[in-house]
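Undergrad: What follows is a predicted protein model with its sequence.
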Amino acid sequence: MEVSTAMWTAAIVGAVVVYWFVWVMGAAEVKGKRAVNLKMGSITRDKVEDKYKQYWSFFRRPKEDIAAAADDDNVPAFVDTFYNLVTDIYEWGWGQSFHFSPSIPGLSHRDATRIHEERAADLIAARPGLRVLDVGCGVGGPMRAIAAHSGANVVGITINEYQVARARTHNRKAGLDDRCEVICGNFLEMPFADASFDGAYSIEATCHAPRLEDVYREVFRVLKPGAIYVSYEWVTTALCRADDPGHVQTIRGIEAGDALPGLRAQHEIAEVARQVGFEVVEERDLALPPAGPWWTRLKMGRIAYWRNHLLVSALTALRVAPKGVVEVHEMLYETARHLSDGGESGIFTPMHMILCRKPLAAPPPSS
Ligand SMILES: C=C(CC[C@@H](C)[C@H]1CC[C@H]2C3=CC[C@H]4[C@H](C)[C@@H](O)CC[C@]4(C)[C@H]3CC[C@]12C)C(C)C
Ligand SMILES: C[S@@+](CC[C@H](N)C(=O)[O-])C[C@H]1O[C@@H](n2cnc3c(N)ncnc32)[C@H](O)[C@@H]1O
């Protein structure tokens, strides 16, 4: 073979490999966000590294320190920073629904995710003509599934402006923008009138609230009497022991890498719901058998993580992705390890389901 032919062949093979690596393998899930489009939400490129450092020094502290430093009020701002940092990586590596679901033999992750979301819609009896609230809606994966499945109108609220833009774009593309609305705001002080919703749900979002009662009280306020609320809560289970250093490390790892001011214990949830005035209709950990393990998806394999790590490193070196993305990606990798340890050991569940009703004649909530 002539030298020039060999060089051309090498160049073409190289181009195909790069294309395959970035465009095909780079899309770890089928979701329309590619590695070459990784931004960091509304943070400007030059600030990503600093914002990551600020985030990490805030949430790395034990929850007692966050509360003792009276930093609780800053939590929503740091949660907003967190979602600026991770939203694109989540979409790229996970899809448009930022939550877990029980695995179902023979079904894809996408289908298992949809079924978990539709279950929430069925539990609150969402149907055409009703106005339903999505508390902490992310980029709207659940909102679109629920609107399509139930025919209801869904209003989502998220603290993160970048997610609002992403969610609106996805809603338009899915042809659901006439029934799915997205508002930027704090779910601890929602910009909605009293008794203005026929139902509400939250999927793996209220764990970001420093005090669960603050968000439940707001949901209670905006629901009509008789309306139903379902929440999938992140909690520690009865198996979690404060005197086991391994457990403590896993839970701290989950909190720090997921912008959580402090995980609550499973047994605390219903008490909080009752305290703000709800009747608790049902409570169940959806992760318990016969449900298939939710954490197996996280164990998608070291090869996939390494491929993603190489990709973000290469894109940062080429200045396609902003500096700081590699650190954020590493943090998520570590977080995934803690989450799957928590799932496998049974000390943590991300799907403790609580189903509540606002009584028809609401007694005044205790403060
Ligand atoms: C409910 C919350 C988010 C839950 C999950 C959607 C995310 C928790 C950890 C995330 C991930 C970890 C590892 C990433 C991996 C290193 C990367 O290559 C591709 C994306 C990940 C798989 C990423 C995807 C989303 C998570 C599973 C919290 C925040 C309350
Ligand atoms: C893990 S994501 C889940 C998103 C969505 N429920 C889903 O399953 O795809 C958590 C969501 O809660 C939102 N959130 C956290 N704290 C919030 C707050 N104080 N006010 C409004 N939204 C908040 C985040 O912005 C994010 O959209």
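TA: That came in fine, so what should we check first? Ligands and ions are numbered 1, 2, ... in the order given.

Undergrad: Surely residue 72 touches residue 214?
TA: No. The criterion here is Cβ atoms under 8 Å, and residue 72 misses it with residue 214 at 9.5 Å. Every C-beta, even on glycine, is put in place using the N, C-alpha and C of the backbone.

Undergrad: Contact residues of the stretch 251-367 of the chain facing ligand 1?
TA: Contacts of the stretch 251-367 of the chain with ligand 1, taken as Cβ under 6 Å from any ligand atom, map to 258, 305, 308, 329, 332-333, 335-336, 339.

Undergrad: Give me every residue in the stretch 1-150 of the chain lying close to ligand 2.
TA: 76, 79, 83, 97-99, 136-138, 141-142.

Undergrad: Just among those, which is most surrounded?
TA: Highest neighbour count within those, by other Cβ atoms under 10 Å: residue 142, with 31 neighbours.

Undergrad: got JSON lines for the residues of the stretch 1-150 of the chain next to ligand 2, with secondary structure and pLDDT too?
TA: What follows is those, written out as JSON lines (DSSP: H, G, I helix; E, B strand; the rest coil; pLDDT from 0 to 100):
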{"residue": "76", "secondary structure": "helix", "pLDDT": "91"}
{"residue": "79", "secondary structure": "helix", "pLDDT": "95"}
{"residue": "83", "secondary structure": "helix", "pLDDT": "97"}
{"residue": "97", "secondary structure": "coil", "pLDDT": "98"}
{"residue": "98", "secondary structure": "coil", "pLDDT": "98"}
{"residue": "99", "secondary structure": "coil", "pLDDT": "98"}
{"residue": "136", "secondary structure": "coil", "pLDDT": "98"}
{"residue": "137", "secondary structure": "coil", "pLDDT": "98"}
{"residue": "138", "secondary structure": "coil", "pLDDT": "98"}
{"residue": "141", "secondary structure": "helix", "pLDDT": "98"}
{"residue": "142", "secondary structure": "helix", "pLDDT": "98"}
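
Undergrad: Show me which of those is closest to residue 39.
TA: Closest approach to residue 39 among those (Cβ to Cβ): residue 83, at 12.4 Å.

Undergrad: Extract the residue ranges of this structure that are flagged as low pLDDT.
TA: Along the chain, the parts satisfying pLDDT under 70 run over 1, 14-32, 66-71, 300-301, 362-367.

Undergrad: centre of the chain versus the longest helix belonging to it, how much separation?
TA: Longest helix in the chain, counting residues (DSSP state H): helix 325-345. Distance, stretch centre to chain centre, for helix 325-345: 14 Å (Cα atoms, centre = their mean, to the nearest Å).

Undergrad: Need the residues that contact that helix.
TA: 38, 40, 48-49, 52, 56, 85-86, 89, 239, 247, 249-251, 253-254, 256-258, 287, 293-295, 298-299, 305, 308-309, 312-313, 315-316, 348-350 (Cβ atoms under 8 Å, 6 or more residues apart in numbering).

Undergrad: and the next helix or strand after that helix with helix 325-345, angle?
TA: Tracing the chain C-terminally past helix 325-345 and defining elements by DSSP states H and E, one meets strand 348-357 next. Strand 348-357 and helix 325-345 are oriented at 80 degrees to each other (axes from the mean of the first three to the mean of the last three Cα atoms, to 10 degrees).

Undergrad: which neighbours does strand 348-357 have in its sheet, and in what orientation?
TA: Paired with strand 348-357 in the same sheet, following DSSP bridges, are strand 223-236 (antiparallel), strand 279-285 (antiparallel).

Undergrad: State the next helix or strand along the chain beyond the last one.
TA: In other words, strand 279-285. Scanning onward from strand 279-285 (DSSP H and E), the first element met is helix 302-317.

Undergrad: now the strands for the chain?
TA: 131-135, 153-158, 180-184, 197-203, 223-236, 264-265, 279-285, 348-357 (DSSP state E).

Undergrad: what's the closest of the ones you listed to residue 168?
TA: Across the strands of the chain, closest to residue 168 is strand 180-184 (Cβ to Cβ), at 5.5 Å.

Undergrad: Off-centre distance for the closest one?
TA: For strand 180-184, the distance to the chain centre is 16 Å (Cα atoms, centre = their mean).

Undergrad: What's the local residue count around residue 10?
TA: 10.
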